[in-house]
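In: I need the structure of the sequence given here:
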Amino acid sequence: MRRLAPAVLAVSLAAPTVLAQSTPPRPRLAADADTNDARSYYEWGRRPAMDWKSTYNAYYWAQRLEPGDITYLRGLYVAFLNRHSFFWRRDYDRGVSRVAKSDDARLLDSLVSEIIMRDPYGDRRASCVFAEEREQQRDQYFVGYVHYNNGCYSQANAAFAEALRNDGSLLLAHRYRAWSFYYQQLYDSTVAELRLLIDSLRARDEKYLTQVYNSKAMFEYMIGFAEAHRHHWGPAREAYERALTEDLAFYIAHQRMAEAALEQSDVKTALAEYELAVGLKPGNAVLRNDYGRALYLAGHDAEAEAQLLEAVRLEPHWARPYYNLAAALASLKRTDEAIAQYEAFLARCPRRLASEAAEARNRIAKLRLGGGPGR
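Out: Reported below is the predicted structural model:
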């Protein structure tokens, strides 16, 4: 995936809609395939000797069926990038103006931005490929970068540390060290390195009067993400608050704040943060679904219905919102409508969600017998 410098990460916070293009045809799977399952399309798209367009179409529909899974978004990025020649991809990676201003580059940038916001550490499961001769080179930043790209995170961190001792202005080294620590599950070190980076950026802001302000929102968000990853909800919330102090329009920090607040049973804060997030990103079906679910669990059934209806409108192929909408309607004692939505869920439910399907059938049976909605 294209590697983004901190300045680009900061600019990426206001990404355009990711899939704002015409709907591609839905691939025809094998007769025994589960056409409700995003994984079926994803595996179909991963077959050998597939052309980029067929792969892209498969990943597109996987994303529509399960928009909360970042795997399919990454697949879309790779598939769309592979439609271009090696030279185009090289120029895109280098930021050559002729390529960077193209419509295809803008779509790729949009995908990258959304991927980074959903998971700022990315997906790096590389096995270390260590080469002894790299240690003999003088440029330790380069040595660290090569080790990092080869999955040798411990060696990368040692090299980056040496590079920083020689030149403390190499702020990118702090970012790579933070990522490397994260991949090694050294979360205390991840947070410490990001704090060093933020402090360095803040000192630079104070020292130099420049027109371009280096936003720390993404790096504070990364701290919160790392803290949440190890279930340190209090520190996660504090980091998200700092991110929002830097950029109040950073929608996903509001969303993560809401999730952390729910983990601490702070429903009032969670609902307020979800409301802010939805206001900033009204076309996000996953956000609408999560907000609607939180409203339902808090007993705000009518408000939940409104959010979940919008989630269904935005992603009509996705099963989950129908289940949550049915639960809210049942709680409002609108039995026939609730049954219809549970049936809509069952019509879209992947086979692997057998327990959820069984629960939906059980709820339909109870509603038809006049049983309570449950919560």
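In: only C-alpha atoms for contact and neighbour calcs from this point on.
Out: Will do.
In: Low-confidence ranges, the chain, go.
Out: Applying pLDDT under 70 to the chain flags the ranges 1-21, 123-126, 130-137, 205-214, 371-375.
In: Any chance you could list what contacts the longest helix seen in the chain?
Out: Here the longest helix in the chain is taken by residue count, with DSSP state H as the criterion, and it is helix 187-207. When contacts are taken as CA atoms under 8 Å, 6 or more residues apart in numbering, the neighbours of helix 187-207 outside the stretch itself are 171, 174-175, 177-182, 213-214, 216, 219-220, 222-223, 226-227, 230.
In: got it, and stretch 40-59?
Out: By CA under 8 Å, 6+ apart, the list of residues contacting stretch 40-59 from outside reads 24-27, 29, 33-35, 61-62, 72-73, 75-76, 79-80, 82-83.
In: change it to 10 Å
Out: Residues external to stretch 40-59 that are found in contact with it (CA atoms under 10 Å, 6 or more residues apart in numbering): 23-30, 33-35, 38-39, 60-63, 65, 71-84, 350.
In: okay, how far is it across it, tip to tip?
Out: In terms of CA to CA, to the nearest Å, the two terminal residues of stretch 40-59 are separated by 10 Å.
In: Nearest residue to residue 338 in space, ignoring adjacent ones along the chain?
Out: In space, and not counting its chain neighbours, residue 338 is closest to residue 326: 4.3 Å by CA to CA, 6 or more residues apart in numbering.
In: check contacts around the one you found.
Out: 305, 308, 332, 334-345, 360, 363-364, 373.
In: How about residue 240?
Out: By CA under 10 Å, 6+ apart, residue 240 lies in contact with 217-225, 246, 250, 252-258, 260.
In: Tell me the spacing between the most centrally placed residue in the chain and residue 352.
Out: Of all residues in the chain, the one closest to the mean position by CA atoms, centre = their mean is residue 118, 1.8 Å from it. The span separating residue 118 from residue 352 equals 24 Å under the rule CA to CA.
In: what does residue 146 give?
Out: Distance of residue 146 to residue 352, computed by CA to CA: 41 Å.
In: swap in residue 219?
Out: The gap separating residue 219 from residue 352 is 37 Å, by CA to CA.
In: Which one's more surrounded, residue 146 and residue 352?
Out: residue 146 (20 against 11; other CA atoms under 10 Å).
In: contacting residues for residue 167?
Out: For residue 167, the set of contacting residues under the criterion of CA under 10 Å, 6+ apart consists of 141, 161.
In: so how far is residue 183 from it?
Out: Between residue 167 and residue 183 the computed distance is 25 Å (CA to CA).
In: ditto for residue 101
Out: Computed with CA to CA, the distance linking residue 101 and residue 183 is 33 Å.
In: And for residue 146?
Out: The gap separating residue 146 from residue 183 is 16 Å, by CA to CA.
In: coming back round to it: going through the contacts of residue 326, which ones are buried?
Out: Listed as buried from the contacts of residue 326 are 305, 308, 335, 338-339, 341-345, 360, 363-364, 373; burial here means 16 or more other CA atoms under 10 Å.
In: Sort out for me which of the residues you listed are in helices.
Out: The members of those that map onto helices under DSSP H are 305, 308, 335, 338-339, 341-345, 360, 363-364.
In: Residue 330 touches residue 337, doesn't it?
Out: Yes: under the criterion of CA atoms under 10 Å, residue 330 makes contact with residue 337 at 7.9 Å.
In: can you give me the helices in the stretch 1-150 of the chain?
Out: Counting by DSSP state H, counting those that start in this stretch, the stretch 1-150 of the chain has helices at residues 6-11, 38-45, 52-65, 70-81, 86-94, 97-100, 103-118, 140-149.
In: Would you mark the buried spots in the last one?
Out: Across helix 140-149, burial judged by 16+ other CA under 10 Å covers 140, 141, 142, 143, 144, 145, 146, 147, 148.
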